[in-house]
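In: need a 3D model of the following:
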Amino acid sequence: MIRRRSPWFAGIALCGWWVGIAHAAGSWVATAPSLRVAMAERPMSSAALLPPTPELARGQVMGRVAWQYQPPAGSEVDAWLCHPGDCVRLPGPRGQTDVMLGLPADTPLYFQFSLQDRRQRAATLQGLQVIVNHEHLQRP
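Out: Below you'll find the predicted structure:
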């Protein structure tokens with residue numbers, strides 16, 4: 001008689017394998033000073049968002065990245081979260097993304113903002129923050 005393993009067993013085995021290769025998981029949080037955005041056609045960049053200490057993320061890769069910022073009431077801005085190689089458009093003032101999965105966890109991040117409408121008044125964005133989850137992956 002051939003005995004088949006259930007998908008449940010395969011899932012447990014896969015989880016055990018994943019836990020076995022992920023070590024030293026953690027996260028870092030960074031904030032940037034408020035940023036005044038005055039134009040629709042010229043995005044403004046925030047200060048760099050980095051781990052609080054270089055050792056915290058050394059040898060680690062990014063997992064999920066969460067962000068938040070606070071636009072003034074009634075202001076509509078276009079927003080991006082960037083690293084030196086690319087930017088991802090943000091759908092709103094709070095959320096999370098897996099787009100940076102696998103990047104070195106000490107890669108500097110920064111926000112970019114522009115006004116959605118050129119007739120709009122300048123806006124000061126506050127509470128610029130990222131939370132970067134990271135882990136050290138070892139080859140099995």
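In: right, and Gln112 touches His83 too?
Out: No - with contact defined as C-beta atoms under 8 Å, Gln112 does not reach His83; the gap is 11.3 Å. From N, CA and C alone the C-beta is placed, and that goes for glycine too.
In: who touches both of those two?
Out: Counting by C-beta atoms under 8 Å, 6 or more residues apart in numbering, no residue touches both Gln112 and His83.
In: mind listing what's buried in stretch 72-89?
Out: 75, 77, 79-83, 87-88 (16 or more other C-beta atoms under 10 Å).
In: what residues does that stretch touch?
Out: 37, 43, 45, 65, 67, 69, 71, 90, 93, 97, 99-100, 103, 107-117, 120-121, 123-125, 130.
In: end to end on that stretch, go ahead and measure it.
Out: Taking C-alpha to C-alpha, to the nearest Å, the first and last residues of stretch 72-89 lie 19 Å apart.
In: pLDDT of that stretch, averaged?
Out: Averaged across stretch 72-89, pLDDT comes to 94.
In: now do the buried residues in the host helix or strand of His134.
Out: His134 is part of strand 123-137, with elements assigned from DSSP states H and E. Buried residues in strand 123-137, counted by 16+ other C-beta under 10 Å: 123, 125, 128-130, 132-137.
In: so what's Leu128 closest to, chain neighbours aside?
Out: Ala32 (4.1 Å; C-beta to C-beta, 6 or more residues apart in numbering).
In: how about the one you found, what does it touch?
Out: Ala32 makes contacts with 46-49, 110-111, 128-129, as judged by C-beta under 8 Å, 6+ apart.
In: how near is it to Gln126?
Out: 10 Å (C-beta to C-beta, to the nearest Å).
In: again with Phe113
Out: In terms of C-beta to C-beta, Phe113 sits 12 Å off from Gln126.
In: give me the common contacts of the two.
Out: Joint contacts of Phe113 and Gln126 (C-beta under 8 Å, 6+ apart) are Tyr69.
In: picking up where we left off before, now the buried members of the contacts of Ala32.
Out: Going by neighbour count (16+ other C-beta under 10 Å), the contacts of Ala32 have 46, 49, 110-111, 128-129 buried.
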